[in-house]
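Q: Okay, sequence plus prediction incoming.
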Number of protein chains: 2
Amino acid sequence: MLNTPRLLLVGLLSWYGHASSVELLSAEDLARATELREAALEKNQAWDLLESLTTEVGPRMAGTPGDAAGVAWARAKFEALGFDRVITEPVTFPVWERGTEAAEVVAPFPQPLTITALGGSRATPEGGITAELAHFRSLADLEAASVEAVRGRLVFISNRMERFRDGSGYGPAVQARSQGAIVAAAKGGVGIMIRSIGTDDDRLPHTGLMRLDQPTVPAAALSNPDADLLERMLRRADSVTVRMELGSRWGGEYTSHNVIGDILGREAPDEFVVIGGHLDSWDLGTGAIDDGAGCAITMAAAHLIGQMDTRPRRTIRVILWANEEQGLYGARAYHQAHLTELEKHIIGSESDFGAGRIYRFSSRVKPEALGVIDQISQVLAPLGIVRGDNNAFGGPDLSPMRMSGMALASLYQDGTDYFDYHHTANDTLDKVEPEALSQNVAAYAVFAYLSAEYRGDFGFRLGLEPEQLMGPQTQRE
Amino acid sequence: MLNTPRLLLVGLLSWYGHASSVELLSAEDLARATELREAALEKNQAWDLLESLTTEVGPRMAGTPGDAAGVAWARAKFEALGFDRVITEPVTFPVWERGTEAAEVVAPFPQPLTITALGGSRATPEGGITAELAHFRSLADLEAASVEAVRGRLVFISNRMERFRDGSGYGPAVQARSQGAIVAAAKGGVGIMIRSIGTDDDRLPHTGLMRLDQPTVPAAALSNPDADLLERMLRRADSVTVRMELGSRWGGEYTSHNVIGDILGREAPDEFVVIGGHLDSWDLGTGAIDDGAGCAITMAAAHLIGQMDTRPRRTIRVILWANEEQGLYGARAYHQAHLTELEKHIIGSESDFGAGRIYRFSSRVKPEALGVIDQISQVLAPLGIVRGDNNAFGGPDLSPMRMSGMALASLYQDGTDYFDYHHTANDTLDKVEPEALSQNVAAYAVFAYLSAEYRGDFGFRLGLEPEQLMGPQTQRE
């Protein structure tokens, strides 16, 4: 199947497009989806939900009182919105505390520095680390460095993330955050400071998780202006000495919850179209764009479907995932808890890329289902959404399900500004445009409703390798 | 003279414009000014100075080690740049320390708040103030409120500054900062939090001086997103309780210095054309736009004039003023120290509005000198600078001299973004555009050089009331 010539595939798709098969959506289905789309654009429900979450709960870092307040908020909102079933499922994880954060240039040009601990960092000794900087332009440069260049020093990695609409600057840049402290530790470094993985020039550092599967050193991110400052100092001084103090620590376990709201299917209530976002956030902002927006968009979309005269054929399941930020704990717990019914999860898409407009719709389905994906695309098109490829990511919290072969879609959002605010104190409600949020709701409502009405499956293949699941690439941009 | 009919005045100006009087600048003067202008645009000297100041010194709050480092930097730079005379004059003032800053919503929706103490604030009691908010949309609303509405409460003023190119949103908005704590104290309030006087949406509060001539309460600014948050809470809750803790205090005296660099005049070395900026900054940022830029622009402009084959007719005096931010201490000390030679200060202009391009040139001179101002304007015009009125401000540090009747000019900068960063941690070098800085240098070089070459005076009138000094309004925009 992987070798199906493209022409043949195109021919098949054309045929599907004209056939009156049960495998395709009816004109009535498409008309109702169009009504949903237009209704969503006239409402501000996602905005109202996001306003409520950021105002009444605020930051929701895993294991904090805000985590518990977020879970209580989500339960209450699902119930108030008339979801047919509200479920909470336990998610247990170790608790990380941020603690104190301070840094300053000691010599040759004393100045304070603005930093924040990377998620998972250990503490420095009391009073902090004072050491000469060892400067590297990238993680690769640090990896290539000799032990002598690093031993006893405070590593500084200065690579800057590039800005793209699809956020593709993140992957290359974030390696410094995820692996820098491990490489620094292996070479005898005493700590690490990285330039924030962000595209802004605000004096607000970006936190985010680091890898913890090998020994690490205390690790922090500098705001972009602070990283610029150190680079300027290093251009004129042979040696720059910095003090860094972190009080962060791991301590104890906490049990939070995935919060699930179901709009029950009229014919197949035990088959799920999964949408959602993650309910936890980092602590620095109020988690408006990461990922209050995703929660609000998908709650509003499912609620809108629930307002129709009849229930959709399958269940629309909104999962608000616990502790995504510190390692997909909610995602892994859900996967484990539902191992015996994975194949009932027909297709899914998580919203976790901020609050920008959706511009592309990608799928990850078996080739036979591409005709239906095209039908969904046609209803999405008036929202300014183009058809993407058949290699959708699906969102971080669906990755365990992806590895098990679940069919997925991605409604890719414009992320041009997302990494200006991501994981910073600037992740607040004012960064969200209400109209863009409604466009997202419209798209999720269309996708979820039509996926629920579709009588066929999208291609669940338990136990296959991911490569075997992709089907032909049909990049259509 | 004030009643001179406008027509007669216009006639006089026309006559001046065509006369070959010693009162007008020669074609050679204008040609040399044009050369200066073009040379400035090809250099990056102001950028290099600003890069040096922000990197090697950083924040320069009055009375801190950064203040002393700034003075040492300025002396050394003037000398390295070959200024003919470098002078430091003592400026003594009380020292204010920022101390700890913390705030949080206690009820009904617990969340941390981002604040910074207003300059000059007293401390709260140990452990902070915990009180219900008393919300007012403006200082006027607070002034109109009953004592009962304020007594025992933490006042919150939520007016938002408007964005304009000329910064004219600042004046109306800043009243809340300067007077709020006095009004709150008079009505029995226990503290005050104001929405930051700034046009941004960053989670970085704006500090700035408050009036201290009457009893005050502890006072802080919230970032704009935090003020939004409180407003949202107040829309849904009858009572919002906040805890605010400030450790700020006044303690001891400090003697800093005005640092003066002179390019000595070839004919009238004891007559001064004064330019400059203030060397101190607030502590949160690195004082790049407020007012490292003004220092760098005027140092570079005078240096450029000093590079000419001959010295200008009068002395170009660059004054880098001490402690502008906490009450014009440097300005007042200079005025006092030079009382016997005020009339030797022929004309002046301070650069203290960031690093944006200059778009307007205003004067404050006697009517007879308007013809020369027009000539200067014509050399400035290719820089995109239009002729303004004859009621120039001249800059904050020249206000004591203004009150004594000194002639002034203002080279008004585009301040559209200035109040996004003003008095915040975001006041860093990356906010400055090198080309805009060079345009500023070109304008200051033209203004200072031609004012120094001009053989007439601009209208010093010792002892006259300001109203008598203005001359007819000649708004030409």
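A: Perfect, I can see it now.

Q: Residues of the stretch 351-477 of chain A that sit close to chain B?
A: Among all residues of the stretch 351-477 of chain A, those adjacent to chain B (criterion: C-beta under 8 Å from any C-beta of the partner chain) are A:Thr424, A:Ala425, A:Asn426, A:Thr428, A:Leu429, A:Asp430, A:Lys431. Every C-beta, even on glycine, is put in place using the N, C-alpha and C of the backbone.

Q: Could you double-check that the third one lies in contact with B:Asn224?
A: When you say that, I think you mean A:Asn426. No: counting by C-beta atoms under 8 Å, A:Asn426 stays clear of B:Asn224, with 10.7 Å between them.

Q: Kindly indicate whether A:Glu368 is helix, strand or coil.
A: Secondary structure state of A:Glu368, per DSSP: H, G, I helix; E, B strand; the rest coil, is helix.

Q: That should have said A:Gly167, apologies.
A: A:Gly167 is classified as coil under three-state DSSP.

Q: Centre of the chain to the biggest strand by length in chain A, how far?
A: Across chain A, the strand with the greatest residue count (assigned by DSSP state E) is strand A:249-263. For strand A:249-263, the gap between its own C-alpha mean and the chain's C-alpha mean amounts to 17 Å (C-alpha atoms, centre = their mean, to the nearest Å).

Q: and it, which residues are buried?
A: Taking 16 or more other C-beta atoms under 10 Å in any protein chain shown as the neighbour-count basis, strand A:249-263 is seen to contain the buried residues A:Tyr254, A:Ser256, A:His257, A:Asn258, A:Val259, A:Ile260, A:Gly261, A:Asp262, A:Ile263.

Q: what are the pairing partners of that strand, and which direction each?
A: Sheet pairing here is set by DSSP bridges, and for strand A:249-263 it gives strand A:85-97 (antiparallel), strand A:314-321 (antiparallel).

Q: got the contact list for the first one?
A: It stands for strand A:85-97. Counting contacts by C-beta atoms under 8 Å, 6 or more residues apart in numbering or on different chains, the residues outside strand A:85-97 that touch it are A:62-63, A:71, A:75, A:78-79, A:119-120, A:248-262, A:264, A:322-323, A:326-327, A:329-330, A:333-334, A:337.

Q: what element comes up after that strand heading to the C-terminus?
A: strand A:101-107 (DSSP states H and E).

Q: contacting residues for the residue positioned nearest the centre of chain A?
A: Closest residue to the average C-alpha location of chain A: A:Asp352 at 3.7 Å, with C-alpha atoms, centre = their mean. Remark: with contacts taken as C-beta under 8 Å, 6+ apart, A:Asp352 is in contact with A:Gly277, A:His278, A:Asp290, A:Asp291, A:Gly294, A:Glu324, A:Gly395, A:Pro396, A:Asp397.

Q: distance of A:Asp417 from A:Gly198?
A: 11 Å (C-beta to C-beta, to the nearest Å).

Q: mind showing which ranges of chain A have poor pLDDT?
A: Scanning chain A for pLDDT under 70 picks out A:1-22, A:461-477.

Q: swap the cut-off to 50 and go again
A: When the per-residue scores of chain A are filtered using pLDDT under 50, the ranges that remain are A:1-22, A:462-477.

Q: so what are the domain limits for it?
A: Domain ranges of chain A: A:6-96+A:253-469, A:99-247, per automatic domain parsing.

Q: and the last one, is it in reach of chain B?
A: This points to domain A:99-247. Yes: in terms of C-beta under 8 Å from any C-beta, part of domain A:99-247 sits within range of chain B, namely A:109-112, A:114, A:201-204, A:224-225, A:228-229, A:232-233, A:236.

Q: And the residues you listed, which two are furthest apart?
A: Across these, the longest distance by C-beta to C-beta is 26.2 Å; it joins A:Leu204 and A:Arg236.

Q: Those two: who's more crowded?
A: Neighbours were counted for A:Leu204 and for A:Arg236 using other C-beta atoms under 10 Å in any protein chain shown; A:Leu204 has more, 28 against 13.

Q: host element of the more buried one?
A: Per DSSP H and E: nothing holds A:Leu204, as it lies in no helix or strand.

Q: check contacts around the nearest residue to it once chain neighbours are set aside.
A: Leaving aside its sequence neighbours, A:Leu204 sits nearest to A:Thr424 (C-beta to C-beta, 6 or more residues apart in numbering or on different chains; 4.4 Å). Contact partners of A:Thr424, counting by C-beta under 8 Å, 6+ apart, are A:Ser196, A:Gly198, A:Asp200, A:Asp202, A:Leu204, A:Pro205, A:His206, A:Thr207, A:Leu284, A:Gly285, B:Arg203.

Q: leaving aside the residues next to it on the chain, what's closest to the first one?
A: Using C-beta to C-beta, 6+ apart and skipping the chain neighbours, the partner closest in space to A:Ser196 is A:His206 (3.9 Å).

Q: And the residue nearest to the centre of chain A, which helix or strand is it part of?
A: Secondary structure from DSSP H and E places A:Asp352 outside every helix and strand.

Q: next one: the one 10 residues further on
A: A:Ser362 belongs to strand A:358-364 when assigned by DSSP H and E.

Q: So which residues make contact with that strand?
A: Applying C-beta under 8 Å, 6+ apart, the set of residues contacting strand A:358-364 from outside is A:165, A:369-370, A:373, A:376-377, A:380, A:383-394, A:402, A:407-414, A:439-440, A:443, A:447, A:458, A:469-470, A:477.

Q: let's see 7 Å
A: With contacts defined as C-beta atoms under 7 Å, 6 or more residues apart in numbering or on different chains, strand A:358-364 is touched by A:373, A:377, A:380, A:383-392, A:394, A:407-414, A:439-440, A:443.

Q: How about stretch A:325-344?
A: When contacts are defined by C-beta under 7 Å, 6+ apart, stretch A:325-344 is touched by residues A:62, A:89, A:91, A:93, A:96, A:119-120, A:209, A:258, A:270-272, A:278, A:280-282, A:319, A:321-324, A:396-397, A:399-401, A:404, A:406, A:460, A:462.

Q: Quick check: buried residues in it?
A: Of the residues in stretch A:325-344, those with enough neighbours to count as buried (16+ other C-beta under 10 Å) are A:Glu325, A:Gln326, A:Gly327, A:Leu328, A:Tyr329, A:Gly330, A:Ala331, A:Arg332, A:Ala333, A:Tyr334, A:His335, A:His338.

Q: which one of those is nearest B:Met244?
A: Closest to B:Met244 out of these is A:Glu325 (29.3 Å), distances taken as C-beta to C-beta.

Q: Which of the helices or strands spans the closest one?
A: Using DSSP H and E, A:Glu325 sits within no helix or strand.

Q: hang on, the earlier thing: turn the contacts of A:Asp352 into CSV, including neighbour count.
A: What follows is the contacts of A:Asp352, written out as CSV (neighbours: other C-beta atoms under 10 Å in any protein chain shown):
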residue, neighbour count
A:Gly277, 25
A:His278, 30
A:Asp290, 25
A:Asp291, 31
A:Gly294, 31
A:Glu324, 25
A:Gly395, 29
A:Pro396, 18
A:Asp397, 30
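
Q: Name the nearest of those relative to B:Gly171.
A: Nearest to B:Gly171 among the contacts of A:Asp352 is A:Asp290, at 37.7 Å by C-beta to C-beta.

Q: The closest one: what secondary structure?
A: helix.

Q: and the gap between it and chain B?
A: The spacing between A:Asp290 and chain B, counted by C-beta to the nearest C-beta, to the nearest Å, is 14 Å.

Q: I figured that residue hits A:Asp427, correct?
A: Yes: counting by C-beta atoms under 7 Å, A:Asp427 is a contact partner of A:Asp290 at 5.7 Å.

Q: count of residues packed around A:Gly189?
A: Here the number of neighbours of A:Gly189 (other C-beta under 10 Å) works out to 27.

Q: picking up where we left off before, so which of the strands paired with strand A:249-263 is the most packed in?
A: Ranked by average neighbour count under the criterion mean count of other C-beta atoms under 10 Å in any protein chain shown, those are headed by strand A:314-321 at a mean of 28.
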